[in-house]
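1. Sequence first, then the predicted structure:
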Amino acid sequence: MIVSKEDSSLKKEPRRNFLRIFKTIRGKLTLSFIIIFGITLIGFSLVLYNVFAKQSRDDFDIVMSVLASSISETIRENGINQDILNEVKEFNNPGLSAFYGYTQVMNSAESVVMQSSQLKDKALPIQRQYVLSALNGGREITTVFTEGPSELWDKQGARILYFPAVHHQHKYAVILIAPLSSVETSLSNLRLIIFAAIPVTLLLASVVGWLFSKRAYAPVNELVIKTNTITAEKLHSRLRVSDADDEISHLAETLNDMIERLEQSFNTLKQFTSDASHELRTPLTIIRGEIEVALKKRRDNNEYENILKDNLDEVKRLQNIVEGLLTLSQYENNRVTVQEEIINLNDVVIEALTKSRIIAGRKEIKLILKLEENTADGIMIKGDSTKLLNVFLNIFDNAVKYSNTGSEVYCFTGKTKKGDFAFVTIKDEGIGIPEGSLLNIFERFYREDSSRTRGESYSLGLGLSIVKAVVEAHNGRIEVKSEDNKGSEFTIFLPCILN
């Protein structure tokens, strides 16, 4: 008979599926449960069997000792007579009692003076040294592991007790021979019960463990199914969190937090793509339009020069957008190296304020610096002076840009009450920021007033995003307060060097 490869693979497939079960959490949990329960059950069974076996054999010896003591007492009172065999009648008749055996009494001449009828003309494995010990008052008990003569006992062996007895001046040795079949049969039955019970119990345990793991794994399986349904178009969906306050609910909460972060990142990416496309398309459209217009007819040198100047402005704008995005990307991916030099924060602020006075002078705006008395000599921090200078220049530039002509811009520096952070506050008297826009001003390409045109007040909407990235790279933070048409207040906190 020829077996095809397809038939062979079909035979192997169930085996692979069976083995694959033990690679799952449910399979591993069930297997662990079976192993632990099996080891415990086997250990308990071994202890139970050994205790029962020891107790059974001890009880067997106690019965023999009690019976031998009774025979010895009868001999002491009445001497050797036939009543002794009548006293142990049950002992000599198997089937009437769970315990039975044979009796033999020997005198000091080592001659048999009385014995059970079954022992007549039988060669018994009696050991002379134990007989002598009993004649001298000793008690000995031994085990014979071979089958007895004429089937007095079977291959399971017998126990032989040597017990002393005295009548007047005569010494005797009472010998009791008890087959071990009754004890060993009970132990054999117990072994069979254990050997049968262990696999049956483990089988039941595996079924219970599988059902238990299925029930325990059901919430996880539900999470898996629900998570698989969440796609890029359904990032608003969330997993159900139970009230059990267990590991599964914590996992669901963690996954929900992750999905929320993904949703935010995805929305930010979409918004960024849309904004970047819009910002890049506008200058490119202008450049293309002006070039197309220039090529429609011949023009003089002055016209070409004006077109090139306009194109250069748009190219610079494109360059600023690309450089700004590159800078933000580097900060977000921790690719920017921030110098940790010891610098005087007041010196950096003063330099930024001095450079900003040129722009402020065009609108007759006064820049006023106020230093705390206890920090007038300087506030020492670790940071990158060049990058921090650009931060303050950007905020001063915004303050001047959105302030009214002839107004004032204030700058305060100092330390927090605990002294662990330095702060720089820049406050203007400009148009302010509506409350609904405060949460968005640090986003890329965000401009509060979309009606602004390119000119002095035109902004790419990347400045504050870069400011926030630089401050956070210095382990600091930035806060903003503003009222519409009343002005804005930006405060930057930076960790300072503790004295």
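-> Yep, it's here. Residues are numbered from 1 along each chain as shown.
2. Show me where this protein has its helices.
-> For the chain, applying DSSP state H gives helices covering 5-21, 25-78, 83-87, 128-135, 181-229, 247-295, 301-332, 345-362, 385-401, 463-473.
3. Report the inter-axis angle for the second one versus helix 181-229.
-> Our comparison of helix 25-78 with helix 181-229, counting by axes from the mean of the first three to the mean of the last three CA atoms, to 10 degrees, yields an angle of 160 degrees.
4. Who are the packing partners of helix 25-78?
-> Contact partners of helix 25-78 among helices and strands, from 3 or more CB pairs under 8 Å, 6 or more residues apart in numbering; DSSP states H and E: helix 83-87, strand 102-107, strand 158-167, strand 170-179, helix 181-229. All C-beta atoms are positioned from the backbone trio N, CA, C, and that covers glycine.
5. Please tabulate those in a markdown table and include mean pLDDT, mean neighbour count and distance to R128 as additional columns.
-> Below are the helices and strands packed on helix 25-78 laid out as a markdown table (pLDDT from 0 to 100; neighbours: other CB atoms under 10 Å; distance: least, CB to CB, whole Å):
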| stretch | mean pLDDT | mean neighbour count | distance to R128 |
| --- | --- | --- | --- |
| helix 83-87 | 68 | 14 | 23 |
| strand 102-107 | 89 | 21 | 10 |
| strand 158-167 | 92 | 21 | 11 |
| strand 170-179 | 91 | 22 | 10 |
| helix 181-229 | 84 | 14 | 26 |
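6. Could you export the ones you listed as a markdown table, including distance to Q129?
-> Converted to a markdown table, those look like this (distance: least, CB to CB, whole Å):
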| stretch | distance to Q129 |
| --- | --- |
| helix 83-87 | 25 |
| strand 102-107 | 13 |
| strand 158-167 | 9 |
| strand 170-179 | 11 |
| helix 181-229 | 26 |
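7. residue contacts, S32?
-> The contact partners of S32, by CB atoms under 8 Å, 6 or more residues apart in numbering, come to none.
8. Low-confidence ranges, the stretch 1-150 of the chain, go.
-> For the stretch 1-150 of the chain, the stretches with pLDDT under 70 are 1-23, 83, 86-99.
9. 50 - rerun?
-> For the stretch 1-150 of the chain, the stretches flagged by pLDDT under 50 are 1, 10, 96.
10. ok so, going back, in TSV: the helices of the chain, plus distance to E372.
-> Below are those laid out as TSV (distance: least, CB to CB, whole Å):
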stretch	distance to E372
helix 5-21	70
helix 25-78	61
helix 83-87	115
helix 128-135	108
helix 181-229	54
helix 247-295	38
helix 301-332	30
helix 345-362	10
helix 385-401	17
helix 463-473	20
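11. Let me know which of the ones you listed is the nearest to P164.
-> P164 sits nearest to helix 128-135 of all the helices of the chain, at 4.9 Å, using CB to CB.
12. sorry, back to before: let me know which of the helices of the chain is the nearest to Y162.
-> Taking CB to CB, helix 128-135 is the member of the helices of the chain nearest to Y162, at 4.0 Å.
13. In the closest one, which residues are buried?
-> Across helix 128-135, burial judged by 16 or more other CB atoms under 10 Å covers 130-131, 133-135.
14. how far off strand 158-167 does that helix point, in degrees?
-> For helix 128-135 against strand 158-167, the angle by the same axes, to 10 degrees is 40 degrees.
15. So which residues make contact with helix 128-135?
-> Counting by CB under 8 Å, 6+ apart, 106, 108, 110, 139-140, 142, 160, 162-164, 171-175 sit against helix 128-135.
16. which one among these gets closest to E303?
-> For these, the residue nearest E303 by CB to CB is T142; the value is 130.9 Å.
17. Run a quick neighbour tally on the closest one.
-> T142 has 13 neighbours, counted by other CB atoms under 10 Å.
18. Let me see the contact set for it.
-> Contacts of T142 by CB under 8 Å, 6+ apart are 127, 130, 159-160, 162.
19. Ok, which of the helices and strands packed on helix 25-78 comes nearest I36?
-> Nearest of these to I36, taken as CB to CB: helix 181-229 at 9.6 Å.
20. next one: that closest one to chain centre, how far?
-> Mean C-alpha position of helix 181-229 versus that of the full chain (CA atoms, centre = their mean, to the nearest Å) differs by 26 Å.
21. by contact count, what packs against that helix?
-> With contacts taken as 3+ CB pairs under 8 Å, 6+ apart, helix 181-229 sits against helix 25-78, helix 247-295.
22. Return the residues in contact with the nearest residue to A68 once chain neighbours are set aside.
-> Excluding its sequence neighbours, the residue lying closest to A68 (CB to CB, 6 or more residues apart in numbering) is F163, at 3.7 Å. Residues near F163 by CB under 8 Å, 6+ apart: 65, 68-69, 71-72, 134, 139, 173-176.
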